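K.L.:
With the sequence up front, the predicted model follows.
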2 protein chains.
Amino acid sequence: MTDLTAGRIRHTVVFTLSHSEGSPAEADFLGAAGALAAIPGVEAFQILRETSPKNAYRFGISMEFAGAAAYQAYNEHPDHLRFVEERWESEVAEFLEVDYEPL
Amino acid sequence: MTDLTAGRIRHTVVFTLSHSEGSPAEADFLGAAGALAAIPGVEAFQILRETSPKNAYRFGISMEFAGAAAYQAYNEHPDHLRFVEERWESEVAEFLEVDYEPL
């Protein structure tokens, strides 16, 4: 991982699903989440497994934006809003958003 | 940010300090935390500002390891243990560790 440079934003979210581990529904959700990578402005997109024994989250998504305008455009993009409404709100049990900027 | 590749681990922690914002004590803590980058096996080390309005954490540290052995060596390294005992335990108010591996 290269350093996050001035002005850039790393948006991350860790989450657990309501689906059972290894289920087709889990795989389907992760596949749908992967389509978020195609939204303009999204860079360095990766879906990850969360593996710390010190929290209960099972997955993470990490992406970067060139700046606040790109982040806002993503948040307001119809494909993002649709994913949140049609999938995230009904299939995610717990989540936490964590955003980083350089010190 | 390049993708986290198979076998690698990204260890992150988000936290708030007991020190007031912008205080010398805050800067001193962050400086001491920066020395963790010198521990063998630590890669892609960065101290970050946490900026999401959706959580209360103020800072983050992100680092990567080539694998579980390097992560364990870091955890057990005397410089890490000393930092946790002498600084982290008394100056960090809240924290959450989040570790990522590729799906």
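P.N.:
That came in fine, so what should we check first?
K.L.:
buried set for stretch A:70-77?
P.N.:
By 16 or more other Cβ atoms under 10 Å in any protein chain shown, the buried positions in stretch A:70-77 come out as A:Ala70, A:Tyr71, A:Tyr74, A:His77. All C-beta spots, glycine's among them, are computed from the backbone N, C-alpha and C.
K.L.:
Kindly apply the preceding question to stretch A:33-47 instead.
P.N.:
In stretch A:33-47, counting by 16+ other Cβ under 10 Å, buried: A:Ala33, A:Leu36, A:Ile39, A:Gly41, A:Val42, A:Ala44, A:Phe45, A:Gln46, A:Ile47.
K.L.:
swap in stretch A:3-17?
P.N.:
Buried residues in stretch A:3-17 (16+ other Cβ under 10 Å): A:Leu4, A:Arg8, A:Ile9, A:Arg10, A:His11, A:Thr12, A:Val13, A:Val14, A:Phe15, A:Thr16, A:Leu17.
K.L.:
List of residues touching the strand ranked longest in chain A?
P.N.:
Taking DSSP state E as the criterion, chain A has its longest strand at strand A:92-102. Residues outside strand A:92-102 that contact it (Cβ atoms under 8 Å, 6 or more residues apart in numbering or on different chains) are A:3-6, A:8-18, A:56-57, B:12, B:14, B:46, B:48-52, B:54-55, B:57, B:60, B:62, B:96, B:98.
K.L.:
Adding pLDDT, secondary structure and distance to B:Glu91 as columns, could you present the buried residues of stretch A:70-77 in JSON lines?
P.N.:
Below are the buried residues of stretch A:70-77 laid out as JSON lines (pLDDT from 0 to 100; DSSP: H, G, I helix; E, B strand; the rest coil; distance: Cβ to Cβ, whole Å):
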{"residue": "A:Ala70", "pLDDT": "98", "secondary structure": "helix", "distance to B:Glu91": "34"}
{"residue": "A:Tyr71", "pLDDT": "98", "secondary structure": "helix", "distance to B:Glu91": "30"}
{"residue": "A:Tyr74", "pLDDT": "98", "secondary structure": "helix", "distance to B:Glu91": "35"}
{"residue": "A:His77", "pLDDT": "98", "secondary structure": "coil", "distance to B:Glu91": "40"}
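K.L.:
And those, which is closest to chain B?
P.N.:
A:Tyr71 (10.1 Å; Cβ to the nearest Cβ).
K.L.:
show me what contacts the closest one?
P.N.:
Contacts for A:Tyr71 (Cβ under 8 Å, 6+ apart) come out as A:Ile9, A:His11, A:Gly41, A:Phe65.
K.L.:
Check the offset of stretch A:8-22 from the chain's centre.
P.N.:
6 Å (Cα atoms, centre = their mean, to the nearest Å).
K.L.:
Right, I'll leave it there.
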